[in-house]
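Visitor: Quick one, fold the following:
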Amino acid sequence: MRILIVEDDPLIVRTLDELLQAEGYETAVTDRQDSATELLARGAFDLLLLDVTLAQGNGFAVCAAARQAHPDMPVIFLTASDDEYSTVAGLDMGAVDYIAKPFRARELLSRIRVALRQGRAEDPALCIGELRLDPTTATVTKAGAEVTLSALEYRLLLYFLQNQGRLVTREMLRDAIWDTAGEYVSDNSINVYIRRLRERIEDDPANPTVIVTVRGLGYRSGTDG
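Guide: Okay, here's the model as predicted:
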C-alpha cells in the first residue's frame, strides 16, 4: 500500500512517515501543491493524507487533482481542530474523512485502514461471521437482524472490527474510544463495557467468539469472515 503525504509541518511529516512505514506502508512526502500534483500524475497511490495549508499552493487544489487522476483513491484531510470551514470544504470535495491535529496515532491508523478498505471494495461493511457493521450507515446486524447498540458500544465494536486479528490492549481502547483529556477509565469499567457489548453481539456471551479475552494482555477479535 502506497500513501502520499502532503503536509508542510516537518514534525508532523516525520511522525507520519515513521508511523506509516512501521506499519508496512510505502510513503511519499511533499509540502507543495505543484510537486504533489506531479506525483499524482506520475504514479499510483492507495491513499492521500492532505493538509490544507502548504508551503506552496493549497490542499484543495491537490484534492481536485487527486480526484481527476485517481477518482477512487480515498483522501483524508489533516485539519486544525477548530477549522470547520476546511473540514466541510474537504468533505464536499470528496474526501472520505478528516483528522484533527494534533492526532492520536492509533486512531489515525484505524481510520486509514477503514479508508483503504472502502477504497478497495464496493461494500465497506466490516464482518465477523454473521455479524455485520456498516460504517456508512452506523448500523449493526446479526444474521440479518438489526442489533441496537449504544454510541459507546458501537464505537467499541467498530474499533475491534477495524483491528481484526490484532491484540487490542486496554490502553489502546482508552486512547481510541475515550478522550485522553477526560476522566480516566479503569480496567474494571472497560470490562463492564466489553461484557455489555458481548451480551448484544455474542451467541454465548460466557464463551465469546467475536471479542476474545487474551489473558493478562487485552482482547482480540476474529479475522475477516
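Visitor: Mind splitting the chain into its structural domains?
Guide: Following automatic domain parsing, the chain resolves into domains at 2-120, 126-221.
Visitor: Switch those over to JSON lines; also include mean pLDDT and mean neighbour count.
Guide: (Each C-beta comes from the backbone N, C-alpha and C, glycine too.) Formatted as JSON lines, these follow (pLDDT from 0 to 100; neighbours: other CB atoms under 10 Å):
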{"stretch": "domain 2-120", "mean pLDDT": "88", "mean neighbour count": "17"}
{"stretch": "domain 126-221", "mean pLDDT": "88", "mean neighbour count": "15"}
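Visitor: host element of Leu156?
Guide: Per DSSP states H and E: Leu156 is located in helix 151-162.
Visitor: Against which helices or strands is that helix packed?
Guide: Contacts defined by 3 or more CB pairs under 8 Å, 6 or more residues apart in numbering; DSSP states H and E place helix 151-162 against helix 105-120, strand 126-128, strand 131-134, helix 170-177, helix 187-201, strand 218-221.
Visitor: Would you reformat these as CSV and include distance to Arg32?
Guide: Formatted as CSV, the helices and strands packed on helix 151-162 follow (distance: least, CB to CB, whole Å):
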stretch, distance to Arg32
helix 105-120, 23
strand 126-128, 36
strand 131-134, 38
helix 170-177, 32
helix 187-201, 44
strand 218-221, 41
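Visitor: First-to-last residue distance for stretch 77-97?
Guide: This stretch, stretch 77-97, spans 7 Å end to end (CA to CA, to the nearest Å).
Visitor: Oh, that last question was meant for stretch 134-148, not what I typed.
Guide: One end of stretch 134-148 to the other measures 13 Å (CA to CA).
Visitor: and it, how far from the chain's centre?
Guide: 19 Å (CA atoms, centre = their mean, to the nearest Å).
Visitor: Over to stretch 139-154?
Guide: 19 Å.
Visitor: So which elements touch the helix or strand that contains Asp17?
Guide: Using DSSP H and E, Asp17 falls within helix 10-22. With contacts taken as 3+ CB pairs under 8 Å, 6+ apart, helix 10-22 sits against strand 2-6, strand 26-30, helix 105-120.
Visitor: ok, residues contacting that helix?
Guide: Applying CB atoms under 8 Å, 6 or more residues apart in numbering, the contact partners of helix 10-22 are 3, 5, 7, 27, 29, 31, 49, 51, 78, 101, 105, 108-109, 112.
Visitor: which among the residues you listed gets closest to Thr87?
Guide: Lowest distance from Thr87 to those (CB to CB) belongs to Leu78, with 10.4 Å.
Visitor: after the helix holding Leu156 comes which helix or strand?
Guide: strand 167-168.
Visitor: Next, the angle helix 187-201 makes with the helix holding Leu156.
Guide: 80 degrees (axes from the mean of the first three to the mean of the last three CA atoms, to 10 degrees).
Visitor: Distance from the chain centre to helix 151-162, please.
Guide: Between the centre of helix 151-162 and the centre of its chain there are 12 Å (CA atoms, centre = their mean).
Visitor: quick one, what contacts the nearest residue to Ala115 once chain neighbours are set aside?
Guide: Spatially, and ignoring its direct neighbours in sequence, Ala115 is nearest to Pro74 (4.0 Å; CB to CB, 6 or more residues apart in numbering). Counting by CB under 8 Å, 6+ apart, Pro74 touches Asp46, Leu47, Leu48, Val96, Asp97, Ala115, Leu116, Gln118, Gly119.
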